[in-house]
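Colleague: Could you work out the structure for the sequence below:
(one chain, ligands or ions: 1)
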Amino acid sequence: MANTQETILVIGACGQLGSELTLSLRAIYGGNQVVAADIYEPRQADLLNSGPFEKLDVLDPAGMALMATRYKFTQVYHLAAVLSATGEKDPKFAWRLNMEGLFHVLDLALAQGIQRVFWPSSIAVFGPDTPRQQTPQHTIMNPSTVYGISKQAGEMWCAYYYKKYGLDIRSLRYPGLIGYKTLPGGGTTDYAVDIYRKAVAGQPFECYLHQDTYLPMMYMPDAIKATIDLMQAPAQSISVRESYNISGMSFSPKEIATSIQKFVPSFKIIYKPDSRQQIADSWPQTISDHVARQDWGWQPTFNLDAMTADMLENLKAQLSFEA
Ligand code: NAD
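Modeller: Numbering: from 1, shown residues only. The predicted structure follows:
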């Protein structure tokens, strides 16, 4: 059961994940109990109208401390990060935002007695030496992007703060996340969002990955369910303090295009692989998530066709509302 006395801070609330997660948390805990925070003002009216918004820079620990003193947060979801493809354009900044931001949140939690922290990791922690099929929870990692290196180091620090200071920090290794509400934030799996937008607009899609590039993906409602289920699980059921593998589905660009063609028969895709192909080739194709299933009952709901039907329906409704 959710504790309705929680006061929750979501950092990076205007992003692809944050804008949906914040609304789900507000539905559970109450609008005023969940503070959306981001370095940018939200463009989403529902985010702005459903509860408090605060401008916050995760690289400004003094500003964060003032805000935490004012609101007396009991939980923090720290989502602000530079993602995989964007990270390669400015690796030093990606490292700075991803690592310093995490330290500021971990230290804030200790200093202010914040009881529980969520921080997402990614399948980018895996690299070319990792087994690519049914990638196990514990395996060789050796990530090849600065994003992956920062996520792997972050996982180690989360486990360290748990062991050394008893901080109840929890984490998931998200696969590529697919949602219709917000544009994606510069990851290697963004094509699987953009492709639906083109299909609904009646346009062909130019894909930056090869047609047979299999990657692990997850529909946003499943990602949100996993996140909230993990955060609500009793502490004694959490055996992994680095980050849990979770799996939704795996598909290639060719398969997602075929799924779209079941609903939009005229849809066309062409393939022009770019530098993101190299990143995709270094990641697993399928993920084993049996530890998450065993520990806190994780189970995904959506498969590819169910996601396609839902994405197309919602994007069409969005388009006719905007017209
Ligand atoms: P996103 O880029 O869409 O959103 C990140 C948000 O953080 C943005 O709204 C941005 O304005 C904000 N932000 C950036 N710098 C900030 C700062 N200094 N202070 C405060 N806010 C700042 O990212 P997302 O897709 O929502 O991802 C959220 C988290 O999930 C990230 O940690 C990411 O690594 C992880 N993740 C995402 C995916 C995916 O496919 N989207 C996959 C694996 C892991």
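
Colleague: switch to C-alpha atoms for all contacts and neighbour counts from now on
Modeller: OK.

Colleague: how close does residue 49 sit to residue 251?
Modeller: 36 Å (Cα to Cα, to the nearest Å).

Colleague: Neighbour count for these two, which is higher?
Modeller: Set residue 49 next to residue 251 and count neighbours by other Cα atoms under 10 Å: residue 251 wins out with 18 against 10.

Colleague: The chain - how does it break down into domains?
Modeller: 8-175+220-239, 177-216+248-322 (automatic domain parsing).

Colleague: Save those as JSON lines, and put in mean pLDDT too.
Modeller: Formatted as JSON lines, the domains of the chain follow (pLDDT from 0 to 100):
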{"stretch": "domain 8-175+220-239", "mean pLDDT": "97"}
{"stretch": "domain 177-216+248-322", "mean pLDDT": "96"}
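
Colleague: for the longest helix seen in the chain, packing partners?
Modeller: In the chain, with assignment by DSSP state H, the single longest helix is helix 91-112. The contact analysis (3 or more Cα pairs under 8 Å, 6 or more residues apart in numbering; DSSP states H and E) places helix 91-112 against helix 61-71, strand 116-118, helix 146-165.

Colleague: May I see the buried residues of it?
Modeller: For helix 91-112, a neighbour-count test (16 or more other Cα atoms under 10 Å) marks 91, 94-95, 97-109 as buried.

Colleague: Kindly calculate the angle that that helix makes with helix 61-71.
Modeller: Put simply, helix 91-112 runs at 40 degrees to helix 61-71, going by axes from the mean of the first three to the mean of the last three Cα atoms, to 10 degrees.

Colleague: What residues does this structure have near the ligand?
Modeller: Contact residues, the chain versus the ligand (Cα under 6 Å from any ligand atom): 11-18, 38-40, 56-59, 79-81, 83, 120-122, 174-177, 184-185.

Colleague: and those residues, which of them are in strands?
Modeller: 11, 38, 121-122, 174, 176-177 (DSSP state E).

Colleague: May I have the host helix or strand of residue 230 as PDB, with CA atoms only?
Modeller: Taking DSSP states H and E as the definition, one finds residue 230 inside helix 220-232. Provided in PDB are the C-alpha atoms of helix 220-232 (Å, rounded to 0.1, in the frame of the first residue of the first chain):
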ATOM      1  CA  MET A 220       5.900   3.600 -21.000                       C
ATOM      2  CA  PRO A 221       3.000   2.200 -18.900                       C
ATOM      3  CA  ASP A 222       5.100  -0.900 -18.200                       C
ATOM      4  CA  ALA A 223       8.100   1.300 -17.200                       C
ATOM      5  CA  ILE A 224       6.000   3.400 -14.900                       C
ATOM      6  CA  LYS A 225       4.500   0.300 -13.300                       C
ATOM      7  CA  ALA A 226       7.900  -1.200 -12.800                       C
ATOM      8  CA  THR A 227       9.300   2.000 -11.200                       C
ATOM      9  CA  ILE A 228       6.400   2.400  -8.800                       C
ATOM     10  CA  ASP A 229       6.200  -1.300  -7.900                       C
ATOM     11  CA  LEU A 230       9.900  -1.300  -7.100                       C
ATOM     12  CA  MET A 231       9.600   1.800  -5.000                       C
ATOM     13  CA  GLN A 232       6.600   0.400  -3.100                       C
END
